[in-house]
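> Next input, structure requested:
(2 chains)
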Amino acid sequence: SQTIHQWPATLVQPVGSPLSLECTVEGTSNPNLYWYRQAAGRGLQLLFYSVGIGQISSEVPQNLSASRPQDRQFILSSKKLLLSDSGFYLCAWSEGMIGNTIYFGEGSWLTVV
Amino acid sequence: RKEVEQDPGPFNVPEGATVAFNCTYSNSASQSFFWYRQDCRKEPKLLMSVYSSGNEDGRFTAQLNRASQYISLLIRDSKLSDSATYLCVVSFMDSNYQLIWGAGTKLIIKP
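Now for the predicted structure:
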């Protein structure tokens, strides 16, 4: 069966510091991979998605970036965090067409102070 | 206007009661529909997909009304463990089929 893991689960970072969140998927090949952010009282916001190694699509302009160095690895990064980057970050995967069911990792709570 | 809208609640419902949520979407070029459940500070998990003919999974029934552009979720014989936030999700053809998420409806089941 397929599994997805992301880490770290929680982190507190000062403004201006770098960020790296990592996500890996097991049990599937060539998955679609996603990074979402969830702010309190709002719907999930798609940040990046990838349909293959090295293929990254950005949905929202910001100071974040994403990379997919391996088929089942997706990384979310920032060189300098802003207070507004605080939130719940979720990695997810799906198979086949975009728009199919997606499955989430456990999430990472980021607090920028 | 938001593309996918839900009543944020909370819905406070006694155990054993039936509760229904609606979710409206603004774009007729819709493709896929889902209900997800999210527990406090946890990741969303798929509850059920929503099919054109409607579908049922145990105590849960989902309906789609394309003409009026809404989907619904009915929970019968509610349990304390049903307390969660329920997220409505729609994919739209003109958004490259990406899933668009509602902000969720919070449900609290009381003993």
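> Okay, and the beta partners of the residue nearest to residue B:83 when sequence neighbours are not counted?
By the measure of Cβ to Cβ, 6 or more residues apart in numbering or on different chains, the closest residue to residue B:83 outside its immediate chain neighbours is residue B:109, 4.8 Å from it. (Glycine included, C-beta is placed from N, CA and C.) Taking DSSP bridges, one finds residue B:13 as the beta-bridge partners of residue B:109.
> Spit out the contact partners of residue B:109.
With contact taken as Cβ atoms under 8 Å, 6 or more residues apart in numbering or on different chains, residue B:109 is in contact with B:13-15, B:78-83.
> Among the residues you listed, name the ones in strands.
Among the contacts of residue B:109, the members falling in strands are B:13-14 (criterion: DSSP state E).
> Now tabulate the contacts of residue B:109 in JSON lines and tack on neighbour count.
Compiled in JSON lines, the contacts of residue B:109 are given as follows (neighbours: other Cβ atoms under 10 Å in any protein chain shown):
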{"residue": "B:13", "neighbour count": "18"}
{"residue": "B:14", "neighbour count": "10"}
{"residue": "B:15", "neighbour count": "13"}
{"residue": "B:78", "neighbour count": "20"}
{"residue": "B:79", "neighbour count": "11"}
{"residue": "B:80", "neighbour count": "10"}
{"residue": "B:81", "neighbour count": "8"}
{"residue": "B:82", "neighbour count": "18"}
{"residue": "B:83", "neighbour count": "19"}
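> can you name the two of the contacts of residue B:109 that are farthest apart?
Spanning the widest gap among these are B:14 and B:81, at 14.5 Å by Cβ to Cβ.
> still on that earlier bit, between the contacts of residue B:109, which sits nearest chain A?
Compare each of the contacts of residue B:109 with chain A using Cβ to the nearest Cβ and the shortest gap goes to residue B:83, at 17.8 Å.
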